[in-house]
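**Q** Quick one: sequence and predicted model below, then my questions.
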Amino acid sequence: MLKVEHIGIAVKDIEESNKLFSKLFDKEPYKLEEVASEAVKTSFFRMGESKIELLEATNESSPIAKFIAKKGEGIHHIAYEVKDIIAEMKRLAAEGFTLLNEVPKKGADNKLVCFLHPKSTNGVLIELCQEIV
Ligand code: ZN
């Protein structure tokens, strides 16, 4: 894995949270994007080499809605950039980690992504991501 690409934070109201985090970081999000397949609205703030991603559910069956119902707002996942997501998925599966998708999915911010089940990673939801070029 190359670096922490972003940290995902689950929020109830992304417009309110965009204002809050804009104040906190003293900058605006550089991107707002809806990912229909994941039922989320996202925004991204650039923080040097890494980013902060805010996520709001767009319906009740969104993974973000389920997360907030269970745990409340807060840190949802840590995303690591990888060079070759397919090779990394194979490596991690062989090491015994549980992958939540068998093939990379199209995620937000022009990325191919794969999630690892938090049960196999000390309770931390991990996202692998590779930029689509
Ligand atoms: Zn993410």
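**A** Nice, thanks for sending it over. Numbering: from 1, shown residues only.

**Q** what's the spacing between the residue of the chain positioned farthest from its centre and the ion?
**A** No residue in the chain has its C-alpha farther from the mean C-alpha position than Ala94, which lies at 23.1 Å (C-alpha atoms, centre = their mean). According to C-beta to the ion, to the nearest Å, Ala94 and the ion sit 24 Å apart. For glycine as for every other residue, the C-beta is placed from the backbone atoms N, C-alpha and C.

**Q** burial measure for the residue nearest to Ala10 when sequence neighbours are not counted, as a count.
**A** Setting aside the residues directly before and after it, Ala10 is nearest to His76 in space (C-beta to C-beta, 6 or more residues apart in numbering), at 4.1 Å. His76: 21 surrounding residues under other C-beta atoms under 10 Å.

**Q** where's His76, which helix or strand?
**A** In the assignment (DSSP states H and E), His76 maps to strand 74-81.

**Q** re the thing from before, ok, now which ones touch the residue nearest to Ala10?
**A** Listed by C-beta atoms under 8 Å, 6 or more residues apart in numbering, the contact set of His76 reads 8-10, 55, 64, 67, 125.
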